[in-house]
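In: attaching a predicted model along with its sequence, questions to come.
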Amino acid sequence: MLYLILIGFIVLLVVGPSYWVKHTMEKYSEPADRYAFTGAQLARDLLNQASLQDVRVEETESGDHYDPVEKIVRLSPDKFNGRSLTAIAVAAHEVGHAIQDRDGYPPLALRTQLVQWAAPAEKLGAGILMLAPVMMTALRSPATGLLFLAGGILTLGSAALVHTLTLPMELNASFARALPILERGRYLIDGDMPHARRLLTAAAWTYVAASLMTLLNIARWLAILRR
């Protein structure tokens, strides 16, 4: 019984943040036309005010993010074209990263390096996990297979750790950059500020939640392998 409770607690700890982030984003995506301006229009206005006219705003299918190498704020279609509170808050959060970049915020530079390392590492880890059973069968050596398995887990786990370590930087983008701008400019409709705070918290937790789900997928894969 205690074992089942422990398993349940671990699953809740891993799945909980991801569910909360998704639920929060969806909750404030309606009404879809709450604001007179889109997320892209807000991002452009905030960037101009921050003397970041050289930073572009683009629509993307690969998730909301700021690219410090290309100097681009990228927003998914529902945020780029959307007029919901979610679109507004997420756009402000990503502009917050652009302002960090402008100010030479050290954690952003560190995060950029770590993410550039973590992205290929995550792909490598997934490949290693897929090859582990093949290596065990081909070489008839459980030790080799376990070595591959450990390598895959460590690689994927390190990618998750990178995103977890950058959570303070994400919170800084939300609450030290985006929120003050929204408050000073009075961009939000009366009564939306508490909800915007929740959304900005969710925006900061996005990468962490995704990384935790990666760890859950590793656990699922291991359970399948043991059968």
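Out: Thanks, I have it. Numbering: from 1, shown residues only.
In: pLDDT weak spots in the chain?
Out: Judged by pLDDT under 70, the chain has its weakly predicted residues at 1-14, 118-119, 121-159, 214-227.
In: which parts of it are strands?
Out: With DSSP state E as the definition, the chain shows strands at residue ranges 56-59, 65-67, 72-75.
In: as a markdown table, the ones you listed with distance to residue 173 and mean neighbour count would be great.
Out: To be clear about C-beta, it is placed using only N, CA and C from the backbone, and glycine gets the same treatment. Formatted as a markdown table, the entries for those read as follows, by distance: least, CB to CB, whole Å; neighbours: other CB atoms under 10 Å:
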| stretch | distance to residue 173 | mean neighbour count |
| --- | --- | --- |
| strand 56-59 | 16 | 16 |
| strand 65-67 | 8 | 20 |
| strand 72-75 | 12 | 23 |
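In: out of these, which gets nearest to residue 30?
Out: Comparison of the strands of the chain against residue 30 by CB to CB identifies strand 72-75 as nearest, at 18.1 Å.
In: neighbouring contacts of that closest one?
Out: 39-40, 43, 47, 55-60, 62-67, 87, 90-91, 94-95, 97-98 (CB atoms under 8 Å, 6 or more residues apart in numbering).
In: sheet partners, orientation included, of that strand?
Out: Pairing partners of strand 72-75, with direction, according to DSSP bridges: strand 56-59 (parallel), strand 65-67 (antiparallel).
In: out of those strands, nearest to residue 189?
Out: When those are ranked by distance to residue 189, counting by CB to CB, first place goes to strand 56-59 at 22.2 Å.
In: about what we covered before: closest one to residue 212 among the strands paired with strand 72-75?
Out: strand 65-67 (18.2 Å).
In: all the helices of this structure, in order from the start?
Out: Taking DSSP state H, the helices of the chain run over residues 2-27, 39-49, 77-80, 85-102, 106-139, 142-165, 167-172, 179-185, 193-226.
In: where's residue 168 relative to residue 190, distance?
Out: Counting by CB to CB, to the nearest Å, the gap between residue 168 and residue 190 amounts to 31 Å.
In: and the two? Which one has more around it.
Out: Neighbours were counted for residue 168 and for residue 190 using other CB atoms under 10 Å; residue 168 has more, 11 against 6.
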